[in-house]
Each structure stands twice: as structure tokens, then as C-alpha cells.
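*Asks:* A structural model of the following input is requested.
(one chain, ligands or ions: 2)
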Amino acid sequence: MNCYCCSDIHIDHYCKKNINDISVFDTYIEKYLLPADILFIAGDISDNKDIFINFVSYVSSKYKYVIYTIGNHDMNVRKNSLYATIPKYYSTSLQKLADIDNALSIFPNIIRLNNSTIIENVPIGGTMGMCDFEYAEHGLHLGKQLALCEWQTWYDNIVWNHMNNDPISILNDEQNKLNIIVNTKPKIILTHFAPIEIGIQPKYAKYLTSSFFYFYAKKYLDNLGNDTYWICGHTHDAAKLDYINSSGNVIHILLNPIGYPSELPYDINNLSKSDFLINI
Ligand SMILES: [Fe+2]
Ligand SMILES: [Fe+2]
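*Replies:* Ligands and ions are numbered 1, 2, ... in the order given. Modelled structure (predicted):
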């Protein structure tokens, strides 16, 4: 099966006025996606719930399967997001996700990963993931506490209402899910937050906020089998890395954030969208 791997659709940036304008979706699909059997999206589809549902249901008519994880923007429950007004206020992020799940449940080819599943004999797993603040400690030598303090003013803490917005509880919850997923030896794994092993671009290396985008993933990567694909997102530069784990297995890490074309995501690593079309 051919699979197109991407993240960070941010479709609400493109249809601020008319959430039902199919021509916006068609233009987006034509410009930024590629035809395949499966479309994998590693989170950040839309802050706006209705645009999220409209886009995912529409794009599901173009692929045999649309398989996605939630990103930090999809967890937004505030009335006024940066990019689109959210028609219904949600008291918790999980309530919003439940409404999205419910609306999309009539489409059998749309799958939200919050655990492991098997699609046509291929084990697949995914979850949002979470930053672990460790880059502040090990990369910047500033201490984790400083990053945790700074996170109080960060976008996620402002727009989420999830597990009391306690970042350590959210991290533990995501780590538990990842451990379970990794133990199933998936062929494909999706997380919105990125394994730091993909590398931080030098232009961002000195920023404390870089510790909000990644987590140290060696313990998971070391348990994965040869030729596993790990699709992630959240940062704005496209990247591709063949990581060799402690057993000598190759893990292909793919980061293809397509919703920020003005930032020229492919330029820095000399990639193009066809680099994210895989065959499994
Ligand atoms: Fe994003
Ligand atoms: Fe994100």
C-alpha cells in the first residue's frame, strides 16, 4: 500500500470565512497532498472542530484510509483561537475529541489513533505524545524547572483543558500509551510531538521553547523492529532520518508539516513532498 505521510494540516488557516467551502479543500489537497492508499496525518488538523470534521470527512473520499493522531492545536477548547472562531465552547479537550469521534464514526475508513490497531494485517499505533522538557536540561543546561515555568504561558496551557493542564500528568499518560504501542511492534507509529532524535534545526537550538516541541525517544526507538516508520510533526521544517537503534534496526523518522508553506518547510533539508510517499 502506498501511504502519504504528513502532519500539521492547519486547514482552518485556509478557510477562515466559509467552513463549508469545498474549493478550499480541493486546492489544498491538490497543492500539498499526494494520492495514495492511506493518508497519515500526525496531528494539528484544525483548531476549529467543524472545519476539522468537514475536512477529514471530505479528504476520506480521496483515500482508502485516513489515519490520524491529535495534535496540540486540535486540543484547543477556547472560544477564540488564533486562527478561527470555535463555534462551540468545550469544557474539556476530551469532550471536543469525543464530538469529533462521534461525527466521524459514520466513515469506516477514518481512524483516529489513540492506541494500537491493525489495518490490512499491518500493525499501526499512535498518540499525541508530549514534550518532556528534557531539552531545557540536556540541550540548554538551563534546568527543566525553567521550561516548566515558561510552559505556563505557552499556547498549549492557554488553549487546552486536559488533565488539569498538568504537563507532567499529560506526559506520563502519553508515555504509558507509547509504551503499550511500542510493545505491539507497530510497522507505523504516529505522534504529533517529535522524537528529538530527528534533530533541532540550528536556528532554533538556543530557544527554551524548543523544549516544548520534542521528547527524548531512545527508549521507544530501541524497542522497535527493523524498517519501522515513525511519522511525527509539530515543528515547521520537514525532515527525514534513518535512525539506527541499539539492536541495529532502522527506524525511518518522517516529519512533513505541510500547513506552513510560507516558511518553505522543504528547503532546509532539500526535500520535496514526494519524499514522504512510502510503500508498506
Ligand atoms: Fe502545527
Ligand atoms: Fe503542533
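*Asks:* the stretch 101-250 of the chain: helices as residue ranges?
*Replies:* In the stretch 101-250 of the chain, the helices defined using DSSP state H, counting those that start in this stretch lie at 134-138, 144-151, 155-159, 167-183, 218-221.
*Asks:* ok, which of those comes nearest Ser60?
*Replies:* In this view, the helices of the stretch 101-250 of the chain are compared for proximity to Ser60 by CB to CB, and helix 167-183 is the closest at 23.2 Å. (C-beta placed from N, C-alpha, C; glycine too.)
*Asks:* and the stretch 151-280 of the chain, which of its residues are near ligand 2?
*Replies:* For the stretch 151-280 of the chain, the residues in contact with ligand 2 (CB under 5 Å from the ion) are His234.
*Asks:* now with 6 Å, please.
*Replies:* Contact residues, the stretch 151-280 of the chain versus ligand 2 (CB under 6 Å from the ion): 192, 234.
*Asks:* so who does the residue in the stretch 151-280 of the chain that ligand 2 sits nearest to touch?
*Replies:* Here the stretch 151-280 of the chain gets closest to ligand 2 at one residue, His234, 3.9 Å apart by CB to the ion. His234 is in contact with 7-8, 43-44, 71-72, 192-194, 213, 257, counting by CB atoms under 8 Å, 6 or more residues apart in numbering.
*Asks:* get me the contact residues on the stretch 51-200 of the chain for ligand 1.
*Replies:* Residues of the stretch 51-200 of the chain lying close to ligand 1 (CB under 6 Å from the ion) are 71, 73.
*Asks:* how about low-confidence regions in the stretch 51-200 of the chain?
*Replies:* Low-confidence segments of the stretch 51-200 of the chain, defined by pLDDT under 70: 80-85, 87.
*Asks:* what segments of it are strands?
*Replies:* Applying DSSP state E, counting those that start in this stretch to the stretch 51-200 of the chain gives strands spanning 65-69, 110-112, 116-119, 122-127, 188-191, 194-195.
*Asks:* just want the angle from the longest one to helix 167-183.
*Replies:* Between the axis of strand 122-127 and that of helix 167-183 there is an angle of 170 degrees, by axes from the mean of the first three to the mean of the last three CA atoms, to 10 degrees.
*Asks:* packing partners for strand 122-127?
*Replies:* Applying 3 or more CB pairs under 8 Å, 6 or more residues apart in numbering; DSSP states H and E, we find strand 122-127 packed against strand 65-69, strand 116-119, helix 167-183, strand 188-191.
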